[in-house]
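S.K.: Here is a sequence with its predicted model. Questions after.
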Amino acid sequence: MQRIPISRRLFRWLGAGLAATLLAATPAGAQLTIEIVGGAGTAIPIAVVPFESEPASGMSSIIGADLARSGLFRVVDDAGISPRPYRGEDVRSADFRARGADAVVVGGTRPLADGRVEVRFALVDAVKQVQLAGVSYVVTPAQLRATAHKIADVIYEKLTGDMGVFSTRIAYITKQGTRYELIVADADGANPQSVAASNEPLLSPSWSPDGTRLAYVSFESKKPVVYVQSLATGQRQAIANFRGSNSAPAWSPDGRRLVVTLSKEGGSQLFLINADGSGLTRLVTSPGIDTEANFSPDGQSILFASDRGGTPQIYRFTLLSRAIERLTFDGSYNVSPRAMPDGRGFVFVRREGGRFMIATHDYATRQEQVLTQGPLDESPSVAPNSKLVIYAAQQGGRGILAAVSSDGRVKTRLVSPAADVREPAWGPLPR
Amino acid sequence: MRKWIIAAALVVLAAGCSSTPEKTDTPVEERPVTPATTTTPGATTSGATTSGVTGTALPTLHKDPTNILAKQRSVYFEYDEFVIKDQYRPMIEAHAKYLQANRGLRITLQGNTDERGTREYNIALGQKRADAVKKTLVLLGVQEAQIETVSFGKEKPRRDGHDETSWAENRRVDIVYIGE
């Protein structure tokens, strides 16, 4: 295992944000450690040259950190190249080839008369000596950070062929002492905002498909109750507060309904409910546990965990035919199915030899691949591009967040010195 | 069987401050009480005023620290199990008898699990344990309306350790009387 302590300035993933929210009492220079447990064998070496008139908050550093965090890129040091190129046509490929870079990012910012800023960048293939992309944006100063993520998305897409997810947000729960907080932050951990806090447990945050609302479970009334909260207004509503336990909310792809687990009619059973708490209907019936439901991306079926077969396994319920099909057969504990946005399969939690690990299931091949080692990995959540899975893990007796590429090759984890971090939920692409 | 009789006798004895304990089936919270009385649940209101208003003694046996109803509130389970072990029968029967005799009383059964397993699946597992205790109470004659079953999953462990001793303590259903 590589253990690489990296300065906060360079690597801001999750760490910086967590430091800001949770470690208010610790010195600002507290060192955070991102452990790159395993990297892709074919990381693309890329140089991200500091931008012309780069704002103090940084542009190139944010872009470089985004790309490196994906595990598919290795940022090459460009120090000493003089003069620094700021435009695609100024890049002398030989300078960068000498440093091992296959691709070069250059750019600059320029203040406009109306207070806004023009940001432009170019992506150059240093091997073929051609410009692959060049975009200009006109944004407010407050949007500079978002623009850096946008640029990283363009670069990622150009060089990997997959959609970038650097402009997305994540939600997660922190626990410090008896204080629970629901946090929403940028995918790199910046701009963390506490959207709900309680002295009783909070869990199971779930993003509405348009990213404007979060459903979650709160124990504040001494039992599990499902809330839906608007992120714009902070207003929330208990949408499932029935007799017994109310939990495991998951949105339908059209954002109109949620599937929830209720015990109101005995057992833990699946129900559909409108996002405003109306229109409750029972979904399936079993004598045992049905829970952790999750819609397929086309909205036609629902994955869930059930012990109807004796041990907890993953099943698929098709809404139109009402057919129920068992999907997992290996092992005695397969739970927490989360559909891949590309529709090809799902990630889930498997217990094997007493260890809880994140795994994937492919519909076409029925192949299952264990991605992590445990011992207590849970709450997987898939990025909108289906390439990365964020999950909760235990390290040193404390909860941390970790991410693994869905092929299992790239692994990163964040160790936060002060609080338990758990229940990550990857938000949708911004609209 | 002897324990059963003793427990039943205790119930009757303790409720003896009321002349008709078996008829206190009106929900406690709906019983009008005199304004002069304390708001502490379980306080008797009889003879507290001279206004002529009379109250009925509320059952308090479950608050008597020497009584099984106060001393034994937890049912423990094996890993991944929701079968109630025989050793908890007498205690569950005592609570059943008491709840039958006092239909105004309500309880919450709070299911819990150890830290192994996912949060949401453990909520379902804790629920199943709470439901198992409820089923036994109902079979013993307790009204369903007197019981709400909820689950805390692994979210509210009594012990924070990561060993079998802590896990065993956390795999449990607690009987909580409403108003406590």
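M.R.: Okay, I see it.
S.K.: where along the chain do the helices fall?
M.R.: No chain was given, so I picked chain A. Counting by DSSP state H, the segments of chain A that form helices are A:15-22, A:60-69, A:93-97, A:144-160.
S.K.: Switch to chain B, please.
M.R.: Per DSSP H, chain B carries helices over the ranges B:2-14, B:68-71, B:89-101, B:119-139, B:164-170.
S.K.: what's the angle between the fourth one and helix B:89-101?
M.R.: Counting by axes from the mean of the first three to the mean of the last three CA atoms, to 10 degrees, helix B:119-139 points 70 degrees away from the direction of helix B:89-101.
S.K.: Could I get the pLDDT score of B:Tyr121?
M.R.: We note a pLDDT of 98 for B:Tyr121 in this prediction.
S.K.: May I have the beta-bridge partners of the residue lying closest to it once chain neighbours are set aside?
M.R.: Nearest-residue entry for B:Tyr121: A:Val335, 4.6 Å, with adjacent residues in sequence omitted and distances by CB to CB, 6 or more residues apart in numbering or on different chains. Where C-beta positions appear, they are placed from N, C-alpha and C, glycine not excepted. For A:Val335, the beta-bridge partners are A:Val349 (DSSP bridges).
S.K.: which one of the helices of chain A lies closest to chain B?
M.R.: helix A:15-22 (19.3 Å; CB to the nearest CB).
S.K.: and the helices of chain A, which is most packed in?
M.R.: For these, the largest average neighbour count (mean count of other CB atoms under 10 Å in any protein chain shown) is found in helix A:60-69, namely a mean of 24.
S.K.: Other residues contacting it?
M.R.: For helix A:60-69, contacts defined as CB atoms under 8 Å, 6 or more residues apart in numbering or on different chains pick out A:9-13, A:46, A:48-51, A:54, A:73-75, A:105, A:107, A:145, A:148-149, A:151-152, A:155-156, A:164, A:166, A:188, A:412.
S.K.: one step back: just the helices of chain B: most buried one?
M.R.: For those, ranked by mean neighbour count under the definition mean count of other CB under 10 Å, the leader is helix B:119-139 at a mean of 24.
S.K.: CA-only coordinates of that helix, as PDB, when you get a sec.
M.R.: C-alpha atoms of helix B:119-139 as PDB (Å, rounded to 0.1, in the frame of the first residue of the first chain):
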ATOM      1  CA  ARG B 119     -27.500   0.400   9.000                       C
ATOM      2  CA  GLU B 120     -30.800   0.000   7.100                       C
ATOM      3  CA  TYR B 121     -30.800  -3.800   7.200                       C
ATOM      4  CA  ASN B 122     -30.100  -3.700  10.900                       C
ATOM      5  CA  ILE B 123     -33.100  -1.400  11.400                       C
ATOM      6  CA  ALA B 124     -35.200  -4.200   9.700                       C
ATOM      7  CA  LEU B 125     -33.500  -6.800  11.900                       C
ATOM      8  CA  GLY B 126     -34.100  -4.800  15.100                       C
ATOM      9  CA  GLN B 127     -37.700  -4.400  14.000                       C
ATOM     10  CA  LYS B 128     -38.100  -8.100  13.500                       C
ATOM     11  CA  ARG B 129     -36.800  -8.700  17.100                       C
ATOM     12  CA  ALA B 130     -39.300  -6.100  18.400                       C
ATOM     13  CA  ASP B 131     -42.100  -7.700  16.400                       C
ATOM     14  CA  ALA B 132     -41.200 -11.100  17.900                       C
ATOM     15  CA  VAL B 133     -41.600  -9.800  21.400                       C
ATOM     16  CA  LYS B 134     -44.800  -8.100  20.400                       C
ATOM     17  CA  LYS B 135     -46.200 -11.400  19.000                       C
ATOM     18  CA  THR B 136     -45.500 -13.200  22.200                       C
ATOM     19  CA  LEU B 137     -47.200 -10.400  24.300                       C
ATOM     20  CA  VAL B 138     -50.200 -10.500  22.000                       C
ATOM     21  CA  LEU B 139     -50.400 -14.300  22.200                       C
END
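S.K.: hang on, the residue nearest to B:Tyr121 packs against B:Asn122?
M.R.: No. In this structure, A:Val335 is not within contact of B:Asn122 by CB atoms under 8 Å, at 9.6 Å.
S.K.: list the residues that contact both of those two?
M.R.: With contacts taken as CB under 8 Å, 6+ apart, A:Val335 and B:Asn122 have no neighbour in common.
S.K.: Tally up the residues packed near B:Gln72, please.
M.R.: 15 (other CB atoms under 10 Å in any protein chain shown).
S.K.: ok, for it, nearest residue in space, not its chain neighbours?
M.R.: Once flanking residues are discounted, B:Gln72 sits nearest to B:Met91: 4.1 Å by CB to CB, 6+ apart.
S.K.: ok, that neighbour to B:Ile107 distance?
M.R.: Plainly put, B:Met91 is 13 Å away from B:Ile107 if you go by CB to CB, to the nearest Å.
S.K.: Which parts of the stretch 151-300 of chain A are strands?
M.R.: Using DSSP state E, counting those that start in this stretch, the strands of the stretch 151-300 of chain A run over residues A:169-176, A:179-186, A:193-198, A:202-207, A:213-218, A:225-230, A:236-240, A:246-251, A:257-262, A:269-274, A:281-282, A:290-295.
S.K.: What pairs with the fifth one, parallel or antiparallel?
M.R.: Looking at strand A:213-218 with DSSP bridges, its paired strands and their directions are strand A:202-207 (antiparallel), strand A:225-230 (antiparallel).
S.K.: which residues of the stretch 251-400 of chain A score low on pLDDT?
M.R.: Along the stretch 251-400 of chain A, segments meeting pLDDT under 70 are nowhere present.
S.K.: in it, what residue is nearest chain B?
M.R.: Closest point on the stretch 251-400 of chain A to chain B, by CB to the nearest CB, is A:Ser268, at 3.8 Å.
S.K.: number of nearby residues for that residue?
M.R.: 30.
S.K.: gap between it and A:Val138?
M.R.: 52 Å.
S.K.: List the contacts of A:Val106.
M.R.: Residues near A:Val106 by CB under 8 Å, 6+ apart: A:49, A:51, A:85-88, A:90-91, A:121-122, A:124.
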